[in-house]
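> build me a model from this:
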Amino acid sequence: MTPLSLAALVLALPAAPQGPDPALLGRWGGGFGDLDPQEGHWTSLTVSLVLDEGGTLGVEIGARTPGPEGFQATVEAQGTQLEVGLTLASGRVSLRGAVEDGLWRGRSVAAGVEGEFVLLNERPDDEARTSACAGVYRAHDAGFLIQKSLHLLLTDLEQGTRRVLYAVGEDRYVAGPAFSRPAPTTLTVEFERDAGGEPRALTVRTEGQPARRAARVPSGPTEPFAFESDAGEGGAVRIAGDLSLPAGDAPHPAVIMVHGSGRATRSGAGHWVPYLVSRGFAVLAVDKRGVGASGGTYEMPDGGHDNLPHMRRRAGDVRAALAALAADPRIDGERIGLAGGSQAGWVIPMAAAQGDVFFTLILSGGATALSYEGIFSRVADEDGAGRGAISIEAALEQTRNHTALDPNFDEYFAAMQAPGLWLYGDKDRSNPTQLCVELIERIAAEHGRDFRIQRFPHGNHGLTWCRYGGATEAGAQDRNVEGLFEAIDTWLQEKQLLR
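Model (predicted):
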């Protein structure tokens, strides 16, 4: 071929697309990670692609923009081919793929590990209209909990599955086969509204199953609620939170949510607030002392935390919350329960030892000497792979061989007079389930306490379904253990704790 004919051929070829295709713009929701999300990490990600005034394609993550206070990003686009590089707090992530039929998918590299990503171009939706969908929806054979975060989140109260919902139309959402995998679509949700525009029902259609329609459970308002606690050194401090009220006439029975470890705020109560409100309870969720809008200091005067003095002070704050709720005319002061998980397993018995608590609900709660929890979580490789490198049984045996020099909590457990439900996962690598169960059963037998224990064979510390219980399964925790909400409902009804 002569040079002239080659030039003619080049000129005859279609010109390469210049600049970004309009199909790239908008908010993309989904995630990235290992190819098999049931074996490894799958991380949620929301990316917005926008054009600036000069026509340059830019990127936002959630509500954050690139820069010193956000993240670093590079964007390269040609037609529908798109490559984005992100430097996040967790490390470097690159996404390289193409957009087709409303999906942007391709290969991901995160911290040097190759995987895939899939993101869906979501339909813009009014924030207030979307937020109004939050709540609990029930039918005789179905129950769903809707929460509002950046997206709507769906929890199936019967099947335990949890999904991010991605907007594809007005009041219409889709989800995929795992928590933040939007495709292939396996589930659709449509909301119905009343004449005033308020959501009144939803219909869930899951692949291979009949459609399920559920009506929204009425609820009351959520209001700021604060009280004074003098449990710590240096005088009283103000503890701030929110009180969520159920529908119906006051006074209401109530539940105080008790946090686990860490600098938790009221939002840490998560889906337990709307769930318990739907069961007729007023629910108080607070910011821990020294966290969020609460006063005081999180650490003890000596700088310590998560130790016995710290938990005693936490129990004192719970006692102050009990007194404040009991004085509120909207609350039935003789029907106030305590609920929480993890470290709350030690704090709740200390707060309930005076015999004036209605009931206790404890999930994966600590019940041994504190040192046993620390030994077990290290031996069981809580933060590592947890893929059978050491079995739960072997970790328990090593923990039993440890001699605890710190005090146990027997006296507080023995003093609890209220009925209690204790829920544990057998694959918990943070808290030694078997040792906790042995202590609770012994206390119940010796002191005639009304404690019920229910164990879930595939439950981890968060009572989500798992294979191993290790941190590498974080992205696979897309459903609660089977029967979790049913167990709580059944117990509340049997103990006649529901009005």
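> in which helix or strand would I find residue 190?
strand 187-193 (DSSP states H and E).
> now the element after that strand, going C-ward?
Next in line after strand 187-193, if elements are assigned by DSSP H and E, sits strand 199-206.
> avg pLDDT for that next one?
Average pLDDT, strand 199-206: 97.
> distance of the nearest residue to residue 186 once chain neighbours are set aside from residue 213?
Excluding the flanking residues, the one nearest residue 186 by C-beta to C-beta, 6 or more residues apart in numbering is residue 207, at 4.6 Å. Yep, even glycine has a C-beta here, placed from its N, CA and C like the rest. Look at residue 207 and residue 213: by C-beta to C-beta, to the nearest Å, they are 17 Å apart.
> for stretch 170-187, what is the distance to the chain centroid?
18 Å (C-alpha atoms, centre = their mean, to the nearest Å).
> span of that stretch from start to end?
16 Å (C-alpha to C-alpha, to the nearest Å).
> quick check: buried residues in it?
Using 16 or more other C-beta atoms under 10 Å as the test for burial, stretch 170-187 gives 171, 173-183, 186-187.
> stretch 105-118 now?
Applying 16+ other C-beta under 10 Å to stretch 105-118 flags 105-106, 108-110, 115-118 as buried.
> stretch 265-275 now?
265-266, 268-269, 271-275.
> closest to residue 57 out of these?
Of all the buried residues of stretch 265-275, residue 265 has the smallest distance to residue 57: 35.6 Å, by C-beta to C-beta.
> may I have the phi/psi pair for the residue lying closest to the closest one once chain neighbours are set aside?
Spatially, and ignoring its direct neighbours in sequence, residue 265 is nearest to residue 292 (4.2 Å; C-beta to C-beta, 6+ apart). Dihedral pair for residue 292: phi 60, psi -130, per degrees, to the nearest 10.
> residue 292: neighbouring residues, count only.
17 (other C-beta atoms under 10 Å).
> same check, this time on residue 286
30.
> for it, what are its contacts?
Residue 286 makes contact with 225, 239-242, 257, 266, 294, 317, 321 under the criterion C-beta atoms under 8 Å, 6 or more residues apart in numbering.
> filter the residues you listed down to the ones in helices?
317, 321 (DSSP state H).
> looking at the contacts of residue 286, spot the one nearest residue 391.
The closest of the contacts of residue 286, once distances to residue 391 are taken by C-beta to C-beta, is residue 257, at 33.5 Å.
> and residue 396, what element?
Element membership of residue 396, judged by DSSP H and E, is helix 392-400.
> dump that helix to PDB, keeping only the CA atoms.
Written as PDB, here are the backbone C-alpha positions of helix 392-400 (Å, rounded to 0.1, in the frame of the first residue of the first chain):
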ATOM      1  CA  ILE A 392     -13.300 -20.700  67.200                       C
ATOM      2  CA  GLU A 393     -12.900 -23.900  69.400                       C
ATOM      3  CA  ALA A 394      -9.200 -23.600  69.500                       C
ATOM      4  CA  ALA A 395      -9.400 -19.800  70.300                       C
ATOM      5  CA  LEU A 396     -11.800 -20.600  73.200                       C
ATOM      6  CA  GLU A 397      -9.500 -23.200  74.600                       C
ATOM      7  CA  GLN A 398      -6.500 -20.800  74.600                       C
ATOM      8  CA  THR A 399      -8.700 -18.200  76.300                       C
ATOM      9  CA  ARG A 400      -9.800 -20.700  79.000                       C
END
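> would you mind listing the outside residues contacting that helix?
With C-beta under 8 Å, 6+ apart, helix 392-400 has contacts from 372, 375-376, 379-380, 426-427, 429, 432, 434-435, 469.
> again, only this time at 6 Å
Contact partners of helix 392-400, identified using C-beta atoms under 6 Å, 6 or more residues apart in numbering, comprise 372, 375-376, 379-380, 432, 434.
> tell me how far residue 484 lies from residue 314.
25 Å.
> which of the helices and strands in this structure ranks last by mean pLDDT?
Using mean pLDDT, DSSP states H and E, the weakest-scoring helix or strand in the chain turns out to be helix 3-12, at a mean of 35.
> each with direction, which strands does the helix or strand following that one pair with?
Note on helix 3-12: by DSSP H and E, the next helix or strand toward the C-terminus is strand 26-33. If you go by DSSP bridges, strand 26-33 pairs up with strand 42-51 (antiparallel), strand 113-122 (antiparallel).
> nothing else from me, thank you.
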